[in-house]
Every structure is written in structure tokens, then in C-alpha cells.
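# Quick one, structure for this:
(one chain, ligands or ions: 1)
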Amino acid sequence: MTEDLFLEDSYLREFEARIVELSGRELILDRTAFYPGGGGQPPDKGTLGIGPVRASVVDARREGREVVHVLDNPIPDTVRELKGELDWERRYGHMRHHTALHVLSGVIWRNFGAKVTGGQMRSDRARMDFSFPEEWTTDVVGEIERLTNEALAEERPVKVYELPREEALENPDLIRTQVNLVPERVRMIRIVEIEGLDTQADGGTHVANTSEVGEIEITSHKSKGRQNKRIEFVLR
Ligand SMILES: [Zn+2]
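Modelled structure (predicted):
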């Protein structure tokens, strides 16, 4: 079982860990800061090494309660401990875009009654799909951008905590964002709350305050069917 350091401290970019399993280019550690991907957030990249031994982490994935790191080349099986370092620019980009997506989600619900149906982030851009009942015009898209930037500028704290499943299922915000889809076996649910705006069950990494996001700039918008709309944005 891997200790998920990224869940406790999303700003942790360096760590030390013990090798639990090494198989070719794949490696399991007792603890890791590498996010294994999920919820629209890509897996982290970076390096693992000690002394002259060094490999790039080109991919990571969750397998049960463990995180598997995929290296660019195998390391000697005599190595027991490693230092890890994230490609921080990339990861921090994911964090800023991830928090921006949650703020956007909160705004389109609060101001337009629209529900998110999907989202994907990169380190330099993100997109969000939602079910939008109103007419889809450039004016509406401009209004979404303005309201989202207003909310970001309010310097809202981003709080991360756990709630017992039963309690989470009674929270209307969490029901709206489909907390019921979290597998039954998960008894304590991790919550990410943009104070006063958006509360979701979420396993990703976020910035601590919306002020770190900056501003969004919507670069494209389209209709994907009568109800489904998509927005793409960058941060500036
Ligand atoms: Zn999320």
C-alpha cells in the first residue's frame, strides 16, 4: 500500500521513499508525491534517483491502493531507497487549472443552474463540458468568463477535508456533483471545497487559494448537441 503524500500536501515536490516492488521499468514505493492521474487530472512526471542512479518518471497509475511509477529506463535492483522530484511546473499548472475548473463549475451552477458533465486539464489549458439549458451565445460565454474571474479574484480559500460517506450523501452540493458515484467501499470521502462556491468529492491536487489561479481566458466554446456545451480556456 502506497502512502499518498500528494493527498496530504499538494505542494510537496520532493520526497524520499523506499522501494516496495521493482519490475522492469515499473516501480512501487512505500510513499509518493506522484499523482497517479484521475478525475480529469493527468499523472505527474519527474525523476527518481539516488547517487549516480537516475531515471525519469514518464507515467504513473493507480493499481488498487498502490501507485505504479513507469520509468524511462530500469534502475539496478540493488537500490533500496530513492529521492523523488516532481516536474513542478507541469504539476503546478495542473493544480491551477484544476482549481479553475471547480470555480467555473461553481459559477455555472450558481448563476445558470447548469451541471458539469466532464472536464480535462493540462498544464497549460483545460476544458469543461456541461449540460447548459440556456441559449449558447458569445454574450453568455463572456458572462461566464467575467463571473469566473470575479470569483477567482475574491481570494477564496480552497479547503480539503474528509467526510463520512453518510454525511456526504446528505449534502446537496455533493449530491449535485454526484458523490453517489464514489465506490460504496469508500467510507471516508475526500472533499475539495472552494469556500462559498463549490464543494465536490475529489481526489486531485489543488492550489490553496483561488488567488493563485489568476484569470481564465475562454479560448473556444462549442455546442456538442442541444444540451451539451464545451468551454476551453487558458490561464493568464
Ligand atoms: Zn476535480
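# Beta-bridge partners for Glu217, please?
Note on Glu217: beta-bridge partners by DSSP bridges are Val234.
# Can you get me a residue count around it?
13 (other CB atoms under 10 Å). In this view, the C-beta of every residue, glycine as well, is placed from N, C-alpha and C.
# Could you tell me which residues make contact with it?
Residues in contact with Glu217 (CB atoms under 8 Å, 6 or more residues apart in numbering) are Glu145, Phe233, Val234, Leu235, Arg236.
# can you rerun that using 10 Å?
Arg125, Glu145, Asn149, Glu232, Phe233, Val234, Leu235, Arg236 (CB atoms under 10 Å, 6 or more residues apart in numbering).
# Let's see the PyMOL selection covering just the buried ones among those.
Typed into PyMOL, the line below selects the buried ones among these, using 16 or more other CB atoms under 10 Å:
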select buried, resi 145+149+233+235
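# Can you narrow the contacts of Glu217 down to the ones near the ion?
Among those, no residue is within reach of the ion (CB under 5 Å from the ion).
# Around the ion, pick out the residues from the protein.
Gly39, Asp202, Gly204.
# about what we covered before: make CSV from the contacts of Glu217 and add pLDDT and distance to Gly49 to it.
Shown next, in CSV, are the contacts of Glu217 (pLDDT from 0 to 100; distance: CB to CB, whole Å):
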residue, pLDDT, distance to Gly49
Arg125, 98, 31
Glu145, 98, 43
Asn149, 98, 41
Glu232, 98, 36
Phe233, 98, 36
Val234, 98, 33
Leu235, 98, 31
Arg236, 91, 35
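# nearest to Gly106, of the contacts of Glu217?
Asn149 (13.0 Å; CB to CB).
# For the closest one, list the residues it contacts.
Contacts of Asn149 (CB under 10 Å, 6+ apart): Ala100, Val103, Val107, Val213, Gly214, Glu215, Ile216, Glu217, Arg236.
# switch to 7 Å and redo it
Glu215, Ile216 (CB atoms under 7 Å, 6 or more residues apart in numbering).
# what secondary structure does it sit in?
helix (DSSP: H, G, I helix; E, B strand; the rest coil).
# Relative to Thr210, how far out is it?
Going from Asn149 to Thr210 by CB to CB, to the nearest Å gives 10 Å.
# do the same with Arg226
32 Å.
# tell me, what residue is most central in this structure?
Gly204 (3.4 Å; CA atoms, centre = their mean).
# what's the burial count for the nearest residue to that one once chain neighbours are set aside?
Using CB to CB, 6 or more residues apart in numbering and skipping residues adjacent in sequence, the residue nearest Gly204 is Gln41, 4.5 Å away. Other residues within reach of Gln41, judged by other CB under 10 Å, total 25.
# Next: the one 4 residues further on.
As a burial measure, Lys45 scores 18 neighbours (other CB under 10 Å).
# Next up, the contacts around Ile194.
His102, Val103, Gly106, Arg156, Val158, Thr210.
# same thing but at 10 Å, please
99, 102-103, 105-107, 151-152, 154, 156-159, 200, 206, 209-210.
# Kindly report the same for Thr2.
By CB under 10 Å, 6+ apart, the contact list for Thr2 reads 17, 20, 28-32, 34, 36, 62-69.
# any idea how far whatever residue of the chain ends up closest to the ion is from Ile189?
Residue nearest to the ion within the chain: Asp202 (4.2 Å; CB to the ion). Plainly put, Asp202 is 9 Å away from Ile189 if you go by CB to CB.
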